[in-house]
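Visitor: Sequence and predicted structure below; questions after.
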Amino acid sequence: MQHRRCRSGWVLLAGVFLSLSPVRGDEPEAKEAARVLPTGTLSTEAWLKASTAPLAPGEIDRLVHQELDKASIKPAPLTTDEQFVRRVSIDLTGKLPTPETLKLFWADKSPTKRAKFIDQLLDSDDFARHWARYWREVIASRATNVQSRAFVRHFEAWLTKQFKESKSWAEMTRAMLTATGPIRFDEPEKNGEGYFLASRSGADAVTERAAEASRVFLGIQIQCAQCHDHPSDVWKRKQFHEFAAYFARMRERPIREDNKLVGLNLFSVPFGEHQMPDAADPKKTTPMQPRFLDGKGPSGFRLGDQVRRKSLADAIVSRDNPWFAGAFVNRIWGEFMGQSFYQPVDDMGPQKEAVLPAVLARLAGAFRGSDHDIKGVYRAILNSDTYQRQIRPTDPGADHLLFASINPRRMNADALWQSLVSTLGPLGGFGFGPKTKKGPFGGPFGFGGGLEFQFKQEFQFDPSTKPEDVEGSIPQALMLMNNPLINQRLQAKGQTMLARILENHANDDDAIRIVYQRTLGRRPTQRELDRCREHVRATATRAEAFEDILWALINSTEFQTQR
């Protein structure tokens, strides 16, 4: 069957689904957007001038349209209901909408049905789990402490609980920066917030924690100033090492019982200061006192670890520090729109260029004014016409689209796996590759074991990477095309999804529509329906023809992208 699919499946893929791949640079508006880039810098003062009042209905669109009008760019049309439901479902929950969900949404004639659907997703457990996994990867993808991988599931469980309880981003950040105490392998429900600090260890732990705290919570790559004053940025060596001094009295130690490693303890020491090496002679050092990037900080070298880290958390989440709100909004906007204001999302700063900086400043101002309410800023973005516009991609790596349309990007590993499972059903077993059994704590990064672990390891990427820099690979393509377990679930026999569809829908057109809805979250176009009919007629059996159709859809660009 695999050899037959290699022939007829590829023919079908080429004949029907070329339209599933993004059309590159074929619209005048897209080309114009690539030429005009209204950019600017944002100082702390400029951020703070922005209003902190709640965003008014339509305000995001008015601000974006003002910039598009200046550049003479026409925005793309709004999405259809089919396009919207798939997009927002994947963006908020990492899952495809079910055919039942699609039917209910299409049948709803209420003018507020999109807003109601957004609220429904924001209140779901799937939302909490999906965004917990996202932030897990933001931090875990750059962890340097190998032993800390065992605590990723603790971190994900803690994050999920925070999202379920609608905790603010300030509350979550404060908990991560001030965490202390033991994290045990056998207690995944306890002290998961400690993972951020536990992900760094050893001689460089202090400077690495400082760099990550700045990158993740401020969107600023201050580590560039660790060894020298950065020639193209405002940050100085002294500022970096003053920032690192907040972590000078924090340590980590393995917990052992009966000569077995059972966890890690985060604790404070009563003395010790971070030393800044002399730029000319590294053997000479200067003890550093904790100072925030604005030059302010707690006074005195005798301050204990908890006081220092609480002071750092206070400074980071303060409403007088707009970089905290700006970093979050910039990152989340980039996740939803496919492009952010600052790119990459974690490389902001007073001398960095932002696209449409006034729009970002206003969004961040509203986020500050809401006391960093996560669901509030999500709701405001998702209900905007700007988010609900169709894709109109340009050439890969070309200039910014200026949010005149959505930029398609590859799904992350978790969302793609969930899409595959929701389409084909449970994918248990080990599948392709070495049969490494699942251990008591799952695979690395909380992926579990077997095929799920292999799949997510293959498709994983750092969420902070620019979308155009995330590329597919031959092993990824081969896994989707040839994995024995995936191909087994593609078959139209037994209790598979496809077998049930064909059993319940004797009419080929009905079956084709259901396969499309289950796989792509939409109905087929007339051209696709005609081509699929032809393929069914030309293939030896109905089952084989539909296996080819399903295989081609799973391997299409559309299935694997957020769009």
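Guide: Nice, thanks for sending it over. Numbering: from 1, shown residues only.
Visitor: which secondary structure elements does the host helix or strand of residue 553 contact?
Guide: Assessed by DSSP states H and E, residue 553 sits inside helix 542-554. Judged by 3 or more C-beta pairs under 8 Å, 6 or more residues apart in numbering; DSSP states H and E, helix 542-554 is in contact with helix 10-16, helix 413-424, helix 484-490, helix 497-504, helix 508-520, helix 526-538. C-beta coordinates here come from the backbone N, C-alpha and C atoms, glycine included.
Visitor: Show residues contacting the fourth one.
Guide: Which is helix 497-504. Helix 497-504 is contacted from outside by 423-425, 489-493, 511, 514-515, 518, 542-543, 546-547, 550, using C-beta atoms under 8 Å, 6 or more residues apart in numbering.
Visitor: run the last query once more with 7 Å
Guide: 423-425, 490-493, 511, 514-515, 518, 542-543, 546-547, 550 (C-beta atoms under 7 Å, 6 or more residues apart in numbering).
Visitor: Serialize the helices and strands packed on helix 542-554 to JSON lines and add fields for mean neighbour count, distance to residue 402 and mean pLDDT.
Guide: As requested, the helices and strands packed on helix 542-554 are exported to JSON lines (neighbours: other C-beta atoms under 10 Å; distance: least, C-beta to C-beta, whole Å; pLDDT from 0 to 100):
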{"stretch": "helix 10-16", "mean neighbour count": "17", "distance to residue 402": "33", "mean pLDDT": "54"}
{"stretch": "helix 413-424", "mean neighbour count": "21", "distance to residue 402": "26", "mean pLDDT": "96"}
{"stretch": "helix 484-490", "mean neighbour count": "19", "distance to residue 402": "39", "mean pLDDT": "95"}
{"stretch": "helix 497-504", "mean neighbour count": "17", "distance to residue 402": "40", "mean pLDDT": "97"}
{"stretch": "helix 508-520", "mean neighbour count": "20", "distance to residue 402": "28", "mean pLDDT": "97"}
{"stretch": "helix 526-538", "mean neighbour count": "16", "distance to residue 402": "31", "mean pLDDT": "97"}
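Visitor: could I get those helices as CSV with distance to residue 61?
Guide: What follows is these, written out as CSV (distance: least, C-beta to C-beta, whole Å):
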stretch, distance to residue 61
helix 10-16, 36
helix 413-424, 27
helix 484-490, 41
helix 497-504, 39
helix 508-520, 28
helix 526-538, 32
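Visitor: For residue 302, which of the ones you listed is the nearest?
Guide: In terms of C-beta to C-beta, the element of the helices and strands packed on helix 542-554 nearest to residue 302 is helix 413-424, at 45.3 Å.
Visitor: Against which helices or strands is the helix or strand immediately after that closest one in the chain packed?
Guide: Per DSSP H and E, the first helix or strand lying C-terminal to helix 413-424 is helix 450-459. Applying 3 or more C-beta pairs under 7 Å, 6 or more residues apart in numbering; DSSP states H and E, we find helix 450-459 packed against helix 413-424, helix 474-482.
Visitor: Okay, buried residues for the shortest one please.
Guide: Read it as helix 474-482. 476, 479, 480, 481 (16 or more other C-beta atoms under 10 Å).
Visitor: if I read this right, the second one contacts residue 458, doesn't it?
Guide: Yes. The criterion here is C-beta atoms under 7 Å, and residue 479 meets it with residue 458 at 5.7 Å.
Visitor: Can you report how many residues neighbour residue 123?
Guide: Other residues within reach of residue 123, judged by other C-beta atoms under 10 Å, total 12.
Visitor: Residues touching stretch 412-424, excluding its own?
Guide: Residues from elsewhere that reach stretch 412-424 (C-beta under 7 Å, 6+ apart): 90, 94-96, 133, 137, 411, 427, 452, 455-456, 459-461, 463, 489-490, 497, 518-519, 554, 559-560.
Visitor: just the buried members of those?
Guide: Buried members of the contacts of stretch 412-424, counted by 16+ other C-beta under 10 Å: 90, 94-96, 133, 137, 411, 427, 452, 455-456, 459-460, 463, 489-490, 497, 518-519, 554, 559-560.
Visitor: quick one, strands of this structure?
Guide: Here the chain has its strands, by DSSP state E, at 39-40, 181-184, 250-257, 260-268, 275-277, 285-287, 354-355, 409-410, 561-562.
Visitor: count of neighbours near the spatially closest residue to residue 357 that is not a sequence neighbour?
Guide: Spatial nearest neighbour of residue 357, chain neighbours left out: residue 40 (4.5 Å); criterion: C-beta to C-beta, 6 or more residues apart in numbering. By the measure other C-beta under 10 Å, the count of residues near residue 40 is 12.
Visitor: Which of the buried residues of helix 474-482 sits closest to residue 54?
Guide: Set against residue 54, the nearest of the buried residues of helix 474-482 by C-beta to C-beta is residue 476 (42.4 Å).
Visitor: which residues does the closest one contact?
Guide: Residue 476 neighbours (C-beta under 7 Å, 6+ apart): 458, 459.
Visitor: State the mean pLDDT of stretch 454-473.
Guide: The average pLDDT for stretch 454-473 rounds to 95.
Visitor: Next: stretch 324-340.
Guide: What stretch 324-340 shows for mean pLDDT is 98.
Visitor: Now do that stretch: everything it contacts.
Guide: Under the criterion C-beta under 7 Å, 6+ apart, residues 47, 91, 169, 217-219, 316-317, 341-342, 345, 348, 360, 363-364, 367-368, 372, 377-378, 381-382, 387, 400-401, 403, 406-409, 467 lie in contact with stretch 324-340.
Visitor: Sitting in helices, which of those residues do you find?
Guide: Filtering the contacts of stretch 324-340 for membership in helices, criterion DSSP state H, returns 47, 91, 169, 217-218, 316-317, 360, 363-364, 367-368, 377-378, 381-382.
Visitor: PyMOL command for the buried members of these?
Guide: Applying 16+ other C-beta under 10 Å to those, the buried members can be selected in PyMOL as follows:
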select buried, resi 47+91+169+217+218+316+317+360+363+364+367+368+377+378+381+382
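Visitor: Could you single out the nearest of the ones in helices among the contacts of stretch 324-340 to residue 533?
Guide: Looking across the ones in helices among the contacts of stretch 324-340 and measuring by C-beta to C-beta, the closest to residue 533 is residue 91, at 33.0 Å.
Visitor: Nearest to residue 143, out of the helices and strands packed on helix 542-554?
Guide: Nearest of the helices and strands packed on helix 542-554 (C-beta to C-beta): helix 413-424, 16.2 Å.
Visitor: Okay, angle between that closest one and helix 542-554 too, please.
Guide: Helix 413-424 runs at 160 degrees relative to helix 542-554, counting by axes from the mean of the first three to the mean of the last three C-alpha atoms, to 10 degrees.
Visitor: Against residue 547, how distant is the spatially most distant residue from the centre of the chain?
Guide: Centroid-distance maximum for the chain: residue 540 at 43.2 Å, with C-alpha atoms, centre = their mean. Applying C-beta to C-beta, to the nearest Å, the value for residue 540 to residue 547 is 11 Å.
Visitor: ditto for residue 165
Guide: Remark: distance between residue 165 and residue 547 (C-beta to C-beta) = 44 Å.
Visitor: can you check residue 159 too?
Guide: Between residue 159 and residue 547 the distance, using C-beta to C-beta, works out to 39 Å.
Visitor: Next: residue 272.
Guide: For residue 272, the distance to residue 547 (C-beta to C-beta) stands at 65 Å.
Visitor: what stretches of this structure score poorly on pLDDT?
Guide: 1-36, 230-232, 393-398, 429-449 (pLDDT under 70).
Visitor: can you do 50?
Guide: By pLDDT under 50, the weakly predicted segments of the chain are 1-4, 6-7, 17-35, 430-447.
Visitor: circling back: looking at residue 272 and residue 547, which one has more neighbours?
Guide: Between residue 272 and residue 547, counting by other C-beta under 10 Å, residue 547 is the more crowded of the two (25 against 14).
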